[in-house]
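Participant: Got a predicted structure here, sequence first:
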Amino acid sequence: MKIRVICGEKLTSHGTCHDISQRPNKEKSVLIRENPCPTRLTAVILTLNEAHHITACIESLRWADHILVVDSYSRDATVSLARQAGAEVRQHPFENYSTQRNAALAAAAPAEWVFFVDADERATPELAAEVRRVIAERAEVGWWVPRHNYIFGHRMRASGWWPDYQLRLLRRDCASYDPARAVHEEAILNGDAGRLQSPLIHYNYETLAQFHIKQRKYTTYDAGVLLRQGIRPRVYTPYTQIPRHFWWRFMTLAGWRDGLYGVLLAGLMAYYEMVKYRKLRRLVSGGS
């Protein structure tokens, strides 16, 4: 069994993938990791069939000490492209987003800090400099990062999509995720968190088809959450959600600032709310 020391801004080894779901045999000898140049910051990318995005994402993270891709057994070229780009790749079976992030935190050892980035996100040089500065100078154990969301090619200015803070920069030994929270996961910190100013670039939904595929999964999960919370909607509730949510997103969240894109996104998210409550109605009545 080889121990690789990974140090510096670019990985030079393109070794085989490691399955981090497999635990070593207890009878094996204990190996002590010698690391003359300890990794302070590991950028982590969770992937499943992200061949379209993975190379550009890794390129935007060259400033990190170590780049780790935790892959859920992609069926496309994600793994080979990530290795070609210089990232370390480990594979772990997907249960939910929280367990996957916990596995990534463990796999990132001995890094002091972990910076989670999605494959469809890009880190700018300004963000890189700010990350380096705060982990060197500040006492917070977590940092919220704003995102510029590009939806259908348009950078959203409001509508609930800006500043869209995400808790992504974490002191590794002070963070964990609740495995019971399958999606919309958020790190649990043992300490304080701050807010960065420089945004991630997020290439969100590119087509309506992509939007509907992703939201179909989220409406099912959210309906289950409402059921467990004891929410019991009336027969008309799904349909009253449409004007209510449209008004909230377009007026309260200033979706009008995004023009026609604001109208479109307010309408799509109002539709999302209707579908969510219709699914909840089916769950309450014993359907699926």
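Facilitator: Arrived safely.
Participant: give me the element residue 115 is part of.
Facilitator: strand 113-116 (DSSP states H and E).
Participant: so what secondary structure elements neighbour that strand?
Facilitator: Counting contacts by 3 or more Cβ pairs under 8 Å, 6 or more residues apart in numbering; DSSP states H and E, strand 113-116 packs against strand 41-47, helix 97-107, strand 166-171. (C-beta placed from N, C-alpha, C; glycine too.)
Participant: Partner strands of that strand and their direction?
Facilitator: Take DSSP bridges as the rule and strand 113-116 pairs in its sheet with strand 41-47 (parallel), strand 166-171 (antiparallel).
Participant: Could you check the angle the last one makes with helix 97-107?
Facilitator: What it means is strand 166-171. 20 degrees (axes from the mean of the first three to the mean of the last three Cα atoms, to 10 degrees).
Participant: Give the next helix or strand downstream of strand 166-171.
Facilitator: Strand 166-171 is succeeded, C-terminally, by strand 175-176 (DSSP H and E).
Participant: List of residues touching that following strand?
Facilitator: Under the criterion Cβ atoms under 8 Å, 6 or more residues apart in numbering, residues 102, 105, 114, 141-142, 187-190 lie in contact with strand 175-176.
Participant: quick one: average pLDDT of the longest helix along the chain?
Facilitator: Counting by DSSP state H, the longest helix found in the chain is helix 259-284. Rounded to a whole number, the mean pLDDT of helix 259-284 is 96.
Participant: now swap in stretch 92-109 and tell me
Facilitator: 95.
Participant: and it, how far out from the chain's middle?
Facilitator: Centre-to-centre, stretch 92-109 and its host chain are 12 Å apart (Cα atoms, centre = their mean, to the nearest Å).
Participant: try stretch 87-99
Facilitator: Put simply, stretch 87-99 sits 12 Å off its chain's centre (Cα atoms, centre = their mean).
Participant: mind checking the SS state of the closest residue to residue 75 other than its chain neighbours?
Facilitator: The shortest distance from residue 75 to any non-neighbouring residue, by Cβ to Cβ, 6 or more residues apart in numbering, is to residue 49 (6.1 Å). Following DSSP: H, G, I helix; E, B strand; the rest coil, the label given to residue 49 is coil.
Participant: What of residue 136?
Facilitator: helix.
Participant: from what I can see residue 48 touches residue 69, true?
Facilitator: No - taking contacts as Cβ atoms under 8 Å, residue 48 lies outside contact range of residue 69: 10.9 Å.
Participant: Touching both of those two, which residues are there?
Facilitator: residue 78.
Participant: If you count surrounding residues, which of those two has more?
Facilitator: Neighbours per residue (other Cβ atoms under 10 Å) separate residue 48 from residue 69, with residue 69 holding more: 28 against 14.
Participant: And the residue nearest to residue 75, its phi and psi?
Facilitator: When quoted as degrees, to the nearest 10, the phi and psi of residue 49 stand at phi 50, psi 60.
Participant: Could you report the neighbour count for it?
Facilitator: 16.
Participant: For it, which residues are in contact?
Facilitator: Contact analysis of residue 49 by Cβ under 8 Å, 6+ apart lists 74-76, 78.
Participant: Flag the helix or strand of the chain with the lowest per-element mean pLDDT.
Facilitator: strand 18-19 (a mean of 51; mean pLDDT, DSSP states H and E).
Participant: Residue 233 - nearest residue in space that isn't next to it in sequence?
Facilitator: Per Cβ to Cβ, 6+ apart, closest to residue 233 is residue 277, 5.2 Å.
Participant: From residue 240, how far out is the one you found?
Facilitator: 9 Å (Cβ to Cβ, to the nearest Å).
Participant: So for those two, which sits in the more crowded spot?
Facilitator: Neighbours per residue (other Cβ under 10 Å) separate residue 277 from residue 240, with residue 277 holding more: 24 against 14.
Participant: my read: the more buried one touches residue 234, true?
Facilitator: No - counting by Cβ under 8 Å, residue 234 is not a contact partner of residue 277; they are 9.6 Å apart.
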